[in-house]
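Student: 3D, please:
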Amino acid sequence: TIFMSDINIKKVSYLAKLALNDDKAALYEKSLSEIIEWVDNLKKIDTEGVKPLHNITEKNQNIRNDEVVKNNSTEEILSNAPEKAQNFFRVPKVVEWDLTTIKEIKDQLSNKKISVQELYDDYYNKAKKSELNSFNQLLEPEYNKQNIINSQSRYDEEKDLPLDGIPLGIKDLFCTKGIATTASSKILEKFIPEYESRVTQNLLNDGSIFLGKNNCDEFAMGSSNETSFYGPVINPWKNKNQINDHLVPGGSSGGSASAVAEKICVASIGTDTGGSIRQPASLCGVVGLKPTFGSCSRWGVVAFASSLDQAGPITNTVEDAAYLLNSVSSYDPNDSTSSNHKRDNFLEGIGKNFDRPITIGIPSDYLKDVSSEIIEQIENTKKHLTNLNIKFIDVEFTTTDFALSTYYIIAPAEASSNLARYDGIRYGYRGKGDSLEEIYINSRSEGFGEEVIRRILIGTYVLSAGYYDAYYRKAQRVRRLIKDDFQRILKDVDFILTP
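Tutor: Okay, here's the model as predicted:
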C-alpha cells in the first residue's frame, strides 16, 4: 500500500517523538496504511486553481501581544462552620422535586420554593452515587460554599444572574483555575491550570456553579468515550432487549451527555470537532449544539484541531441550550479565530413561530445505505414539521464522498501540531530517560493512549516533507469546495435536515 511503500512507520514515529515496539509498529502500520489509501480518493476531485481554506471564518488572525502577569493565588478563604449558611444554622430537610429545565429551576429559586444550597446538594448527591463514570472529578462541597452563598444572596436581593445557582458539568478539556484539567489523558493527569478558560469564566460570571469535570475521550479523540485514561463512560439508557448490556454514550463529550441524560447535572459544556457534542447528545437522548465556528472562544480549551474545535452546550431542552449559548458566545481577543460579530439573545425566539415561509432541504446523497429506522425517523420528522407549514425539498451535494477523507487529513494534522507541546518538560507526565530526546519520546509514548498516538502518526505523516502538498494542502482545497457546496444549497433552503 501507499503508506508501507513510501515511508516506514518507524520513521514517522521518530518524527512524532514516539517509541513503538515491533508489535505496535505493525498494528499502526496496517491501520494507517488503510487510512492513507482511503483518503487518497481526494485525488479524484479537481482542485486546480482552488484557494486553500485554512479557517472557516476566512478572517485575518489578530495575534495578541504577550503580557507578563503576576500569578494569582489559588487558595481561598473558607469558613470553619460547614453547618452554617449566611450566618444561620442550616437545618437539612428532605427535598423532593422534579425540575429539569433552567427556567423551572430559576423560578423555584426566585420564589423561595428551594434554596441554592438544596439545589446543589441534590445534584451533588446524585452525581456522587452515579456509577456511569461520567465525571473524572467531582468538586467537594467546600469548594463551592462561597459561590452558593453569593448566589443565594443575589436571589434574596432579586438581582439574580442568568445562570445563578445552576449546577453544571464541565468537559475535562476546559482549563479551570485551581482544578485539575486532564483531557482524560495520563499525560495531563496532574495538570492544574493557573487560569480560567474564557468559556468557563463566562459561565462563572453568569452565576453557574460547577459540579465537576466530565469524562471524555482522550484529547477529544473518539466517538464512544472509550479512549479515556479514566475508563469508559456508560450511557444511562438501556436496550430493552438486552437490559444487562451497557451502551456507549457516544463521544468525545460522552461524559457530558451521559451526566445530563442521567440528570446528575442540569447541563454541561462540551466541545465539538467533528460531531463530539451532537453525536453523544443523540445517543443519550438530549440536546447538543455546535455553535458556528468562532462564536465561542477556544482560549483555555485543550486543543485538538484548531480550525474545527468549538465549545457548545449539552442540555435537556432547546431553551436550556439558548441559556448556555447566551453565556458562552462572546468575542475574545485572546483567541485569534474568535469572531467579533453582534451576538443575538437566543432566548428571544424560543416558542415563537417563524415570521416567513420556511424551506428545509433533505440531501438524498446522505440517505444512501442508511437503515430503515433512520428513514422512518426522518419521515416522522417531515410529517410533524409539515403540519407547521414548513416545506421540504430534495437537495444533493457534490462533495459528500470527499468530506470524511478531508476531515481525516485536516484533523490529525492539526492534532499532531497541537500535541507536539507535550514533551514532559514544562508540565504533565514525564517519562524517564538518559537524554533529553529519550525523555521526550518516553513521556509521549507512555503518556498518550493508542487512539491519540494513531492520530499523531497520521498527522505527522501528512505534514511531512514530500507529502504536505499531496495531502494537507489538497484537503484544504477540497474543504473550500465543500464550503462552496453548502453555500450553494443554502441559497435555496433555510435549513438542512440530516440523519
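Student: so what's Tyr407 closest to, chain neighbours aside?
Tutor: Ranked by Cβ to Cβ, 6 or more residues apart in numbering and with sequence neighbours excluded, the top spatial neighbour of Tyr407 is Gly274, at 5.5 Å. Just so you know, the C-beta spots here come from the backbone N, C-alpha and C atoms, and that holds for glycine as well.
Student: show me what contacts that neighbour?
Tutor: Ala305, Leu308, Tyr407, Ala411 (Cβ atoms under 8 Å, 6 or more residues apart in numbering).
Student: with Leu18 instead?
Tutor: Leu18 neighbours (Cβ under 8 Å, 6+ apart): Ile441, Arg444, Ser445, Phe448, Ile453, Ile456, Leu457.
Student: out of those, who has the most neighbours?
Tutor: Counting neighbours by other Cβ atoms under 10 Å, the top entry in those is Ile456, with 28 neighbours.
Student: on the pLDDT front, check it for me.
Tutor: With respect to pLDDT, Ile456 has a value of 97.
Student: ditto for the one 5 residues further on
Tutor: What the model reports as pLDDT for Tyr461 is 94.
Student: am I right that it is in a helix?
Tutor: Yes: according to DSSP: H, G, I helix; E, B strand; the rest coil, Tyr461 belongs to a helix.
Student: look up the closest residue to it, ignoring the ones flanking it.
Tutor: Closest to Tyr461 by Cβ to Cβ, 6+ apart is Val12, at 5.1 Å.
Student: distance-wise, check that neighbour relative to Val302.
Tutor: Going from Val12 to Val302 by Cβ to Cβ, to the nearest Å gives 24 Å.
Student: cool, and Glu48?
Tutor: Counting by Cβ to Cβ, the gap from Glu48 to Val302 is 38 Å.
Student: more neighbours: which of these two?
Tutor: Taking other Cβ under 10 Å, Glu48 and Val302 do not tie; Val302 has more neighbours (26 against 5).
Student: thought that one was touching Ser184?
Tutor: No: taking Cβ atoms under 8 Å as the definition, Val302 is not a contact partner of Ser184, at 9.8 Å.
Student: quick one on the thing from earlier: name the SS class of the residue nearest to Tyr407, please.
Tutor: coil.
Student: tell me which helix or strand in the chain has the weakest average pLDDT.
Tutor: Within the chain, no helix or strand scores below strand 88-89, which has a mean of 40 by mean pLDDT, DSSP states H and E.
Student: which residues sit against the strand or helix carrying Asp320?
Tutor: Using DSSP states H and E, Asp320 sits in helix 318-328. By Cβ under 8 Å, 6+ apart, the residues outside helix 318-328 that reach it are 101-103, 162-163, 199, 202-203, 205-206, 208, 266-267, 269, 287, 289, 291, 296, 311-313, 315, 343, 345-347, 350.
Student: which of the contacts of Leu18 lies closest to Asp335?
Tutor: Ile456 (23.7 Å; Cβ to Cβ).
Student: pull out the buried residues from stretch 420-437.
Tutor: Tyr422, Asp423, Gly424, Gly428, Tyr429, Arg430, Gly431 (16 or more other Cβ atoms under 10 Å).
Student: any stretches of this structure with poor pLDDT?
Tutor: For the chain, the stretches with pLDDT under 70 are 1-7, 58-64, 66, 68-99.
Student: which residues of it fall in strands?
Tutor: Assigned by DSSP state E, the chain shows strands spanning 84-85, 88-89, 135-138, 167-171, 209-214, 267-272, 287-288, 310-315, 358-363, 390-395, 495-496.
Student: of all pairs in the contacts of Gly274, which one is the farthest apart?
Tutor: Ala305 and Tyr407, at 8.8 Å, using Cβ to Cβ across the contacts of Gly274.
Student: so those two - more neighbours on which side?
Tutor: Ala305 (22 against 19).
Student: any idea how far Val356 is from Phe210?
Tutor: Slight slip there: residue 356 is Arg, not Val. Arg356 is 41 Å from Phe210, by Cβ to Cβ.
Student: quick check: closest non-adjacent residue to Pro162.
Tutor: Counting by Cβ to Cβ, 6+ apart, the residue nearest Pro162 is Asp206, at 4.7 Å.
Student: and for Gly275?
Tutor: Ser223 (7.1 Å).
Student: surely that neighbour meets Ile277?
Tutor: No: with contact defined as Cβ under 8 Å, Ser223 and Ile277 do not form a contacting pair (11.7 Å).
Student: which one's more surrounded, these two?
Tutor: Ile277 (29 against 18).
Student: tell me how far the more buried one lies from Lys290.
Tutor: 5 Å.
Student: shared neighbours of those two, which are they?
Tutor: In contact with both Ile277 and Lys290: Gly312, using Cβ under 8 Å, 6+ apart.
Student: coming back round to it: wait, the residue nearest to Tyr461 touches Gly459, no?
Tutor: No: contact criterion Cβ under 8 Å: Val12 and Gly459 do not qualify, at 9.7 Å.
Student: compare these two (neighbour count), which wins?
Tutor: Taking neighbours as other Cβ under 10 Å, Val12 and Gly459 compare with Gly459 leading, 28 against 24.
Student: which non-adjacent residue is nearest the more buried one?
Tutor: Nearest one to Gly459, counting by Cβ to Cβ, 6+ apart, is Ser416 at 2.8 Å.
Student: quick one, what contacts that neighbour?
Tutor: Contact partners of Ser416, counting by Cβ under 8 Å, 6+ apart, are Ala16, Arg455, Ile456, Leu457, Ile458, Gly459, Thr460, Leu463.
Student: for the second one, grab the count of nearby residues.
Tutor: Right, Arg455. Counted with other Cβ under 10 Å, Arg455 comes out at 26.
Student: and the gap between the closest residue to Ile56 other than its chain neighbours and Leu308?
Tutor: Counting by Cβ to Cβ, 6+ apart, Ile56 lies nearest to Phe293, which is 4.8 Å off, once chain neighbours are set aside. Distance from Phe293 to Leu308, counting by Cβ to Cβ: 7 Å.
Student: same check on Gln476?
Tutor: Applying Cβ to Cβ to Gln476 and Leu308 gives a distance of 12 Å.
Student: shared neighbours of the two, anything?
Tutor: What both Gln476 and Leu308 touch, as defined by Cβ under 8 Å, 6+ apart, is the set Ile410.
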